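> got a predicted model here, sequence first, then my questions.
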Number of protein chains: 2
Amino acid sequence: MSVDRLVILGVGLIGGSLALALKKCAAVAQVVGWSRREQTVLKALELGVIDQAETDIARALRGADIVVIAVPVGAMERLFRQIAPHLRQQTVVTDVGSTKGSVVEAARRAFGKLPPGFVPGHPIAGIERSGVEAAFAELYEGRRVILTPVAESDCAAVARVRNLWELCGAEVVEMDVLHHDEVLAATSHLPHLLAYALVDCLARMDESEEIFQFAAGGFRDFTRIASSDPQMWHDICLANQDALLAMLERFSGDLAQLTSAIRRGDGEYLKRTFLQAKQTRDRFCG
Amino acid sequence: MSVDRLVILGVGLIGGSLALALKKCAAVAQVVGWSRREQTVLKALELGVIDQAETDIARALRGADIVVIAVPVGAMERLFRQIAPHLRQQTVVTDVGSTKGSVVEAARRAFGKLPPGFVPGHPIAGIERSGVEAAFAELYEGRRVILTPVAESDCAAVARVRNLWELCGAEVVEMDVLHHDEVLAATSHLPHLLAYALVDCLARMDESEEIFQFAAGGFRDFTRIASSDPQMWHDICLANQDALLAMLERFSGDLAQLTSAIRRGDGEYLKRTFLQAKQTRDRFCG
């Protein structure tokens, strides 16, 4: 058994799927689920995602080997402060937040000095549904998990967190905190923002009812991520403000270039840009 | 038999799928396929998509009941000029172009006076693959086809084109030419442009190789349409310049608002925008 007592704080899609995956491969003896809301943990218990439901943080953490923090990034600092008095020296603590700089800063503020067992992490495996009802054991199979250990992180703790995700079928890579935030701003945060912006833009047009009726498959796929949890993405945008603003500036500049190419009827520019984009996408996602 | 001799000019995904759908329901006696390139029509013949392969426009149009023009919108005017001398008075001519204003203008320039059999049309049914090899009979099932008859269009011709698409399982609606171009700029042309712009933006970053490796499912879906045919989208952007520029201006303004909300940390604005987008998308695409 890899883990005796795994404590998941925030039992939604991400935390719930981790529990299910580790149970499936019999890597964990007991999963404790904690949430501020009793309804959430009782649901998780009923679905067999966790073995013990807690709304009291001290009781939840008692005897924990590994603590996984799976609440929205905006709620992490408060939770760090709540758990700080109850952690043992050897407890491994990791998180699943989509931004890492803000989480490490929040941990520094909450803990004072970062505990050696703290290993920031991020499974690249979201879907647009959320909540424990959407959790499934295969979510992490073949997906990447980025760990961003800090100077204080203990090697043994990093190895345990790595092992945890590998047991779920994920490929684990390590990366610098800042670099993680830049990469994710480009591949995830900016696309989400563009999808939200497009749907909102169309929704506020006079003929919006009619417009959406003529949206085809391409539009559906393009905007799928605009069905993601608004609270979670609100948190991410504010938590990764710097990297996201840099990407927004870069993208807006490119879009302005493309717009003026259309305005001046510069077909060569358009063809070159579209061809390069198609070739790049086919190469990486084909 | 609804159609004796259907002539498809441009046998790619759209024209080929129309031929297959009409053959499947035995609605057409003979399908003639024409292309500038012999290789294309021979391939279509080999695949059983057409019954007769032509590269000579006069021979292709001989005895045609209905002519379907399925070449990229940028190639239509030239083709209109080529077919003009060979059309009979009663021949029904329709097209499948993604823009309608430019096609009607091109037809006016090429034909002088629009023939009463001319019924502009647009099946909302693209996929990112192209070419006759990608054609399949079910492409139009449950999809919408927009017809934009002009003042000169004969009612009987409109009815025949409508019937053609309904036989393929499509739902046919009629719309004003300009309105079509505005609606499609919003739901199709702008999203394609944003997807191309995003992939190109990331491709030109220093760390692009690494960045694409961390692109997850959301990114794949968001950018799927960036794998579309660059020549076709080049044509569309130039053909629907006015409506697309209007949408780009609107979208860029909205994105600038969202950017400044992130910059000033206006969480309420973000949450409101994301929630409205999610609710709208769930309602129309859920």
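Nice, thanks for sending it over. Keep in mind the model is a prediction, meaning the values are calculated, not measured. Numbering: from 1, shown residues only, chains lettered A, B, ... in the order given.
> against which helices or strands is the longest helix belonging to chain A packed?
Longest helix in chain A by number of residues (criterion: DSSP state H): helix A:241-263. Using 3 or more CB pairs under 8 Å, 6 or more residues apart in numbering or on different chains; DSSP states H and E as the contact test, the elements touching helix A:241-263 are helix A:177-184, helix A:190-203, helix A:267-285, helix B:190-203, helix B:241-263. For every residue, glycine as well, the C-beta is placed using N, CA and C.
> would you tell me which of those helices gets closest to B:Val177?
helix B:241-263 (10.8 Å; CB to CB).
> can I get that closest one in CSV, CA atoms only?
Only the C-alpha atoms of helix B:241-263 are listed here, as CSV (Å, rounded to 0.1, in the frame of the first residue of the first chain):
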residue,chain,number,x,y,z
GLN,B,241,-14.4,41.6,-45.3
ASP,B,242,-17.0,44.1,-44.1
ALA,B,243,-19.0,41.8,-41.8
LEU,B,244,-15.8,40.2,-40.4
LEU,B,245,-14.1,43.5,-39.7
ALA,B,246,-17.2,44.7,-37.8
MET,B,247,-17.2,41.5,-35.7
LEU,B,248,-13.4,41.8,-35.1
GLU,B,249,-13.9,45.3,-33.9
ARG,B,250,-16.6,44.3,-31.6
PHE,B,251,-14.7,41.3,-30.2
SER,B,252,-11.4,43.2,-29.8
GLY,B,253,-13.3,45.9,-27.8
ASP,B,254,-14.7,43.2,-25.5
LEU,B,255,-11.3,41.5,-25.1
ALA,B,256,-9.8,44.9,-24.2
GLN,B,257,-12.5,45.3,-21.5
LEU,B,258,-11.8,41.9,-20.1
THR,B,259,-8.0,42.6,-20.2
SER,B,260,-8.4,45.8,-18.2
ALA,B,261,-10.7,44.0,-15.7
ILE,B,262,-7.9,41.5,-15.2
ARG,B,263,-5.3,44.3,-14.9
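> give me the residues contacting it.
A:193-194, A:196-198, A:200-201, A:204-205, A:237-238, A:241, A:244-245, A:248-249, A:252, A:255-256, A:259, A:262-263, A:265, B:101, B:178, B:181-182, B:184-186, B:189-190, B:193-194, B:237, B:269-270, B:273 (CB atoms under 8 Å, 6 or more residues apart in numbering or on different chains).
> just the buried subset of the residues you listed, please.
Burial by neighbour count, judged by 16 or more other CB atoms under 10 Å in any protein chain shown, picks out A:193-194, A:196-198, A:200-201, A:205, A:237-238, A:241, A:244-245, A:248, A:252, A:255, A:259, A:262, B:101, B:181-182, B:184-186, B:189-190, B:193-194, B:237, B:269-270, B:273 from the contacts of helix B:241-263.
> thinking again about what came up before, let's have the helices and strands packed on helix A:241-263 in CSV, adding distance to A:Arg143.
Listed next are the helices and strands packed on helix A:241-263 as CSV, based on distance: least, CB to CB, whole Å:
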stretch, distance to A:Arg143
helix A:177-184, 14
helix A:190-203, 17
helix A:267-285, 15
helix B:190-203, 20
helix B:241-263, 27
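> B:Ala134 is nearest to which of these?
Per CB to CB, nearest to B:Ala134 of those: helix A:267-285, 14.3 Å.
> tell me which other helices or strands that closest one touches.
With contacts taken as 3+ CB pairs under 8 Å, 6+ apart, helix A:267-285 sits against helix A:241-263, helix B:190-203, helix B:208-213, helix B:217-223, helix B:230-239.
> columns mean pLDDT and distance to A:Trp34 on top of the ones you listed, output as JSON lines?
Putting the helices and strands packed on helix A:267-285 into JSON lines (pLDDT from 0 to 100; distance: least, CB to CB, whole Å) gives the following:
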{"stretch": "helix A:241-263", "mean pLDDT": "98", "distance to A:Trp34": "29"}
{"stretch": "helix B:190-203", "mean pLDDT": "96", "distance to A:Trp34": "38"}
{"stretch": "helix B:208-213", "mean pLDDT": "90", "distance to A:Trp34": "34"}
{"stretch": "helix B:217-223", "mean pLDDT": "86", "distance to A:Trp34": "28"}
{"stretch": "helix B:230-239", "mean pLDDT": "94", "distance to A:Trp34": "50"}
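> chain center to the longest helix of chain A, what's the gap?
With CA atoms, centre = their mean, to the nearest Å as the basis, helix A:241-263 stands 25 Å off its chain's centre.
> same check on stretch A:158-176?
15 Å.
> buried sites along that stretch?
Those buried within stretch A:158-176 under the rule 16+ other CB under 10 Å are A:158, A:160-162, A:164-165, A:167-170, A:172, A:175.
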